[in-house]
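Asks: Next input, structure requested:
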Amino acid sequence: MSPKEARIITVKFLNNEASVAELNQLSHWIEENPSNDVAFKEYLNIYHTLDKRQVFDAMQAYRKTEAIINAKQNRSKVFRLNIYKYAAAAVLVGVLLTAYLFKQDSIFGSDDMVTPVIVNNAIKPGANKAILTLEDGKEIVFEKGASLQTNNATSNGEKIIYEAHKGQALAYNTLTIPRGGQFFVKLSDGTQVWLNSESQLKYPVNFTEGESRKVELVYGEAYFDVSPSTEHKGASFEVINDNQLVHVLGTEFNVKAYNDEDEVYTTLVEGKVEISSSKEQHILKPGEQSRLNKNVNTLSVEAVDVYRQISWKEGIFSFKRMTLEDIMTILSRWYDMDVVFENEELKQRGFNGSLGKEQPIEQILENIKSFGVIKNYEIRNKQVILK
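Replies: Residues are numbered from 1 along each chain as shown. The predicted model follows:
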């Protein structure tokens, strides 16, 4: 593909008009040569400097094409992983955020902008890291450069892979993801699990053949791509949490169950799951999300934008009509930082948009500030103060 053709498809991508074939073509072109990567980002910069108030949600291109991809049973991993990597990087470079207010009629003007105070900034984006607790209580710390090799599992410090062994005694491992971390684990039945920051998963090292496969999401958020029951003599898969049970036959879904949140969210991507609480049950369809209120133990179900719920797994935070307080709760887990609101009213301000998870925290705060959502901010060690 020539540079001119790449520019044409890029413009179509930015205006939500590119086809699936064109997006895949663009992804391949970007990967062919580092200079193409640079050129693509330059196109994005040019596009968004034409008008700083130009608003573009990179996820719209995904939503428009996802239905076509699913209909053709051709969920292109290259498209999903590549295009969004660059879309996420462009989010902050091109200021792809829409500022808005929930309880105010106007936002701070640019005349109010002042220089932020940054003292000993120790806030860094998260990384692949975890703590593995074995059946005997021994702990193994995983991070880049670490390794593990046992009869059941191998790890390069950034993920852990289990292998099935028949006739082995039932034993459990617990994987804890700290603030500022994420991790991937492939269970012995082939089920793949992506764990978000501040999460904990307990699971058997080896599942008992023919019996229901049970794991416990003790707290936090996890995306499950479950090995189908047809490959395990009909054995179903269950995800247990203090507040609910997810019964699975073979599917992809996301469970968000943080201790400091009042609701447990289960989002179905593919397949079929049954959600059970102590009071009621619901069967989810793809594209639906259940919300379990932990205080009154009630379940509700609604259709959602699935990608916004699972984009964290692809390296993107995607927000839609979220308060600044809720957004900062999510960011604080990933960046392992504390957030202080100097003015309580700021908590109800917010924006729509998407943020790349590899972005420095200063860049994120500058873009929030540029839309007048906040007047200014301070960074002191691992604390952010919003003003």
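Asks: Show me which helix or strand of this structure is least confident by mean pLDDT.
Replies: In the chain, no helix or strand scores lower on mean pLDDT, DSSP states H and E than strand 97-101, which sits at a mean of 39.
Asks: ok, then the element right after it?
Replies: strand 117-119 (DSSP states H and E).
Asks: now the stretch 1-150 of the chain, which segments are flagged as low pLDDT?
Replies: 12-21, 23-24, 41-113 (pLDDT under 70).
Asks: biggest strand in the protein by residues?
Replies: strand 213-225 (DSSP state E).
Asks: Specify the local secondary structure of residue 8.
Replies: Secondary structure assignment for residue 8 (DSSP: H, G, I helix; E, B strand; the rest coil): helix.
Asks: Next, count neighbours for it.
Replies: Residue 8 has 15 neighbouring residues, counting by other C-beta atoms under 10 Å. For every residue, glycine as well, the C-beta is placed using N, CA and C.
Asks: Same question for residue 289.
Replies: Considering only other C-beta under 10 Å, residue 289 is surrounded by 20 other residues.
Asks: Repeat that for residue 158.
Replies: With other C-beta under 10 Å as criterion, residue 158 counts 17.
Asks: Can you tell me the SS state at the most centrally placed residue in the chain?
Replies: The centroid of the chain falls nearest to residue 312 when counting by C-alpha atoms, centre = their mean (1.1 Å). At residue 312, secondary structure determined by three-state DSSP is helix.
Asks: Could you measure from it over to residue 319?
Replies: Residue 312 sits 11 Å away from residue 319, going by C-beta to C-beta, to the nearest Å.
Asks: and the most far-flung residue of the chain relative to its centre, what does it touch?
Replies: The C-alpha centroid of the chain is most remote from residue 167, which lies 36.6 Å away (C-alpha atoms, centre = their mean). Applying C-beta atoms under 8 Å, 6 or more residues apart in numbering to residue 167 gives no contacts.
Asks: and it, what pLDDT?
Replies: On pLDDT, residue 167 comes in at 72.
Asks: Residue 194 versus that one, what's the distance?
Replies: Residue 167 is 30 Å from residue 194, by C-beta to C-beta.
Asks: What of residue 200?
Replies: 14 Å.
Asks: go on, residue 28?
Replies: Counting by C-beta to C-beta, the gap from residue 28 to residue 194 is 25 Å.
Asks: who's more crowded, these two?
Replies: residue 194 (20 against 14).
Asks: Please name the residues that touch the more buried one.
Replies: 182-184, 222-223, 313.
Asks: which of the residues you listed tops the neighbour count?
Replies: residue 183 leads these on contacts (other C-beta under 10 Å) with 29 neighbours.
Asks: Report the separation between that one and residue 333.
Replies: For residue 183, the distance to residue 333 - C-beta to C-beta - is 13 Å.
Asks: just to revisit the earlier point, now the residue farthest from the centre of the chain, what's its secondary structure?
Replies: The local conformation at residue 167, judged by three-state DSSP, is coil.
Asks: Is residue 31 located within a helix, as I assumed?
Replies: Yes: counting by three-state DSSP, residue 31 is part of a helix.
Asks: give me the number of residues near it?
Replies: For residue 31, the tally of surrounding residues (other C-beta under 10 Å) stands at 13.
Asks: And it, how close does it get to residue 366?
Replies: Distance from residue 31 to residue 366, by C-beta to C-beta: 29 Å.
Asks: re the thing from before, remind me what the longest strand of the chain packs against, helices and strands.
Replies: Counting contacts by 3 or more C-beta pairs under 8 Å, 6 or more residues apart in numbering; DSSP states H and E, strand 213-225 packs against strand 192-195, strand 199-204, strand 237-240, strand 252-257.
Asks: how about JSON lines for those strands, with distance to residue 246 and mean pLDDT added?
Replies: Below are these laid out as JSON lines (distance: least, C-beta to C-beta, whole Å; pLDDT from 0 to 100):
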{"stretch": "strand 192-195", "distance to residue 246": "13", "mean pLDDT": "97"}
{"stretch": "strand 199-204", "distance to residue 246": "13", "mean pLDDT": "98"}
{"stretch": "strand 237-240", "distance to residue 246": "4", "mean pLDDT": "96"}
{"stretch": "strand 252-257", "distance to residue 246": "6", "mean pLDDT": "96"}
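Asks: Tabulate those (CSV), appending distance to residue 149.
Replies: Below are the helices and strands packed on strand 213-225 laid out as CSV (distance: least, C-beta to C-beta, whole Å):
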stretch, distance to residue 149
strand 192-195, 20
strand 199-204, 19
strand 237-240, 27
strand 252-257, 29
